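[1] predicted structure and sequence below. I'll ask about it afterward.
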Amino acid sequence: LQWASIATPWILSMSAFIKQHLIDPEICIRCNTCEATCPVGAITHDSRNYVVNADICNLCMACVPPCPTGSIDNWHDVPKNAAYSVEAQLGWDELPALLEGVLETDHPVAPTDAPSKGGAASVVGSTSAPHSAATPVTNLHTPKNPITAKVTGNYRVTALGTSSDTHHIVLDFGAQHFPVLEGQSLGVIPSGVDAQGKPHHARQYSIASPRNGERKDYNNLSLTVKRVLVDHDGNPMRGVASNYVCDLKVGDEVQVTGPFGSSFLMPNHAGSHIVMICTGTGSAPMRAMTEWRRRERLAGTPNSGKLLLFFGARTTEELPYFGPLQNLPKDFIGIHFAFSRAPDPLDHGRKRYVQDVMREQSESVAELLKDANTHFYVCGLKSMETGVLDALKDIARSAKLDWERLRAELSTQGRLHLETY
């Protein structure tokens, strides 16, 4: 009874607490994955921070597995009537200290009857890597301890005179340890400070080279970066990180974080088929996977898996790596381009998107959908995601396949990966 009387005030006080979901601003790389994944619209952002609205969050956990850095996996016990507001979180440079006497506990398990507060979650891809993927190294370098890389190359990979100024950047790490796998990404910290006089946050870029270097057996890697000069509404603006990276010169030093990513990884099994669907700079991880397979082929490594690429851009001049792609052997990779703006003779004068070309190649795609060794990778603008998934659904149903069952299998088996922004 004595113990009960002592414990009662503590039990009553804890009943007025909630477990608030918070994002660590020091680790977050502002990749937008969490906001895009949240099915209830609880996550928002401004020019500096991504935050969670405690009034909307239903602890469904949909945003936690896709986060490449783990910055979103933070849970603080706070008084319900004093939960951190969105406005307060937007002003943070670091997480607040835990309340005295309250221990930080493991993240909660969402109740099975958690209200949707805004509709069902959109279809998402795998949050686990393919079974045969190599084990990645992640979060080796954080914003607090970035690694310094030296620029050894900066080449434009779209035609001059086009609005799509896309660059191939080569970074060398010298004797420093920065291991990567195809499909991973890193963060680049732009030099200078933001409008508030604070250091810029790291921006995330997919790695465009295979695990053994942009140059084989060198400790370097490459990025594919498009210079941002307009916002999503077409208004003039200069992207801080993209312009910083595209303007880098050979010999410049760059602060890098990462590597990031433990699911968007290529399978190592020699019989794995890889279907790559991308637009613009979403070609970076596809280039890495293709180059690794090409090097295996040159080395005589037996590999029976097929490669199939669906690559979209506005025009041929704005498609990164267009020339090199044309030179790849036809028996090595099947390539299908889609151009959405100016009609081009190569595209029979038609304006098409990647999902249109997928439907035109439905027989080949259907055969691969039936094969349990096939892995699908989608990378590019967020607007392409629905179209690609709808195309896969239509192709599956035309082939008399149960799309809902198949989609669930692709996701749980690490065979359907979506990385859109």
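    Thanks, I have the structure now. Values in this document were obtained by computation on a predicted structure and should not be read as measured data.
[2] spatially central residue for the chain, please.
    The centre of the chain sits closest to Glu419, judged by Cα atoms, centre = their mean, with a distance of 4.2 Å.
[3] A strand includes Ile335, no?
    Yes. Counting by DSSP: H, G, I helix; E, B strand; the rest coil, Ile335 is found in a strand.
[4] start at 617, not 1
    Done: numbering now begins at 617, and the last item shifts to Ile951.
[5] can you get me a residue count around it?
    Using other Cβ atoms under 10 Å, Ile951 has 16 other residues around it. Every C-beta, even on glycine, is put in place using the N, C-alpha and C of the backbone.
[6] and it, what does it touch?
    Contacts for Ile951 were tallied using Cβ atoms under 8 Å, 6 or more residues apart in numbering; they are 925, 927, 941, 944.
[7] which of these fall within helices?
    Leu941 (DSSP state H).
[8] what about the contacts of Ile951, which one has the most neighbours?
    Counting neighbours by other Cβ under 10 Å, the top entry in those is Phe927, with 25 neighbours.
[9] my read: that residue touches Val970, true?
    Yes. Counting by Cβ atoms under 8 Å, Phe927 touches Val970, with 7.2 Å between them.
[10] which residues do the two both contact?
    Overlap of the contact sets of Phe927 and Val970 (by Cβ under 8 Å, 6+ apart) consists of 894-895, 954.
[11] which of those residues sits closest to Arg1031?
    Cys894 (16.9 Å; Cβ to Cβ).
[12] list the buried residues for the strand or helix carrying that closest one?
    Cys894 is part of strand 889-895 when elements are defined by DSSP states H and E. Judged by neighbour count (16 or more other Cβ atoms under 10 Å), strand 889-895 contains these buried residues: 889-895.
[13] dump those into TSV; add distance to His661 and pLDDT as well.
    As requested, these are arranged in TSV below (distance: Cβ to Cβ, whole Å; pLDDT from 0 to 100):
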residue	distance to His661	pLDDT
His889	37	97
Ile890	32	98
Val891	32	98
Met892	29	98
Ile893	27	97
Cys894	25	96
Thr895	23	94
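[14] can I get those in a markdown table including distance to Leu984?
    Formatted as a markdown table, the buried residues of strand 889-895 follow (distance: Cβ to Cβ, whole Å):
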| residue | distance to Leu984 |
| --- | --- |
| His889 | 5 |
| Ile890 | 9 |
| Val891 | 6 |
| Met892 | 12 |
| Ile893 | 12 |
| Cys894 | 17 |
| Thr895 | 20 |
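[15] out of the residues you listed, flag the one nearest to Glu651.
    Taking the buried residues of strand 889-895 together and measuring to Glu651 by Cβ to Cβ, the closest member is Thr895, at 20.1 Å.
[16] need the contact list for the closest one.
    By Cβ under 8 Å, 6+ apart, Thr895 lies in contact with 927-929, 970, 996-997, 1000.
[17] closest to Val1004 among the buried residues of strand 889-895?
    Using Cβ to Cβ, these come closest to Val1004 at Ile893, 5.5 Å.
[18] against Asp709, how distant is the closest one?
    38 Å (Cβ to Cβ, to the nearest Å).
[19] ok, now Leu776?
    41 Å.
[20] mind listing the strands for the stretch 867-1016 of the chain?
    Along the stretch 867-1016 of the chain, the segments classed as strands by DSSP state E, counting those that start in this stretch run 869-876, 889-895, 923-929, 950-955, 990-996.
[21] list the buried ones in the longest one?
    Pointing back at strand 869-876 there. So for strand 869-876, counting by 16+ other Cβ under 10 Å, buried means 870-876.
[22] now swap in the fourth one and tell me
    By neighbour count on 16+ other Cβ under 10 Å, the buried set for strand 950-955 is 951-955.
[23] burial measure for the residue lying closest to Ala929 once chain neighbours are set aside, as a count.
    Among residues not flanking Ala929 along the chain, Leu935 sits closest, at 3.7 Å (Cβ to Cβ, 6 or more residues apart in numbering). When counting by other Cβ under 10 Å, one arrives at 25 neighbours for Leu935.
[24] so where do the helices sit in the stretch 817-966 of the chain?
    856-862, 899-914, 938-942 (DSSP state H, counting those that start in this stretch).
[25] please identify the deepest-packed of the ones you listed.
    Ranked by mean neighbour count, the helices of the stretch 817-966 of the chain are led by helix 899-914 with a mean of 21 (mean count of other Cβ atoms under 10 Å).
[26] who's the residue lying closest to Glu976 once chain neighbours are set aside bridged to?
    Nearest in space to Glu976, with sequence neighbours left out and distances taken as Cβ to Cβ, 6+ apart, is His952 at 7.8 Å. Applying DSSP bridges to His952 gives these bridge partners: Phe926.
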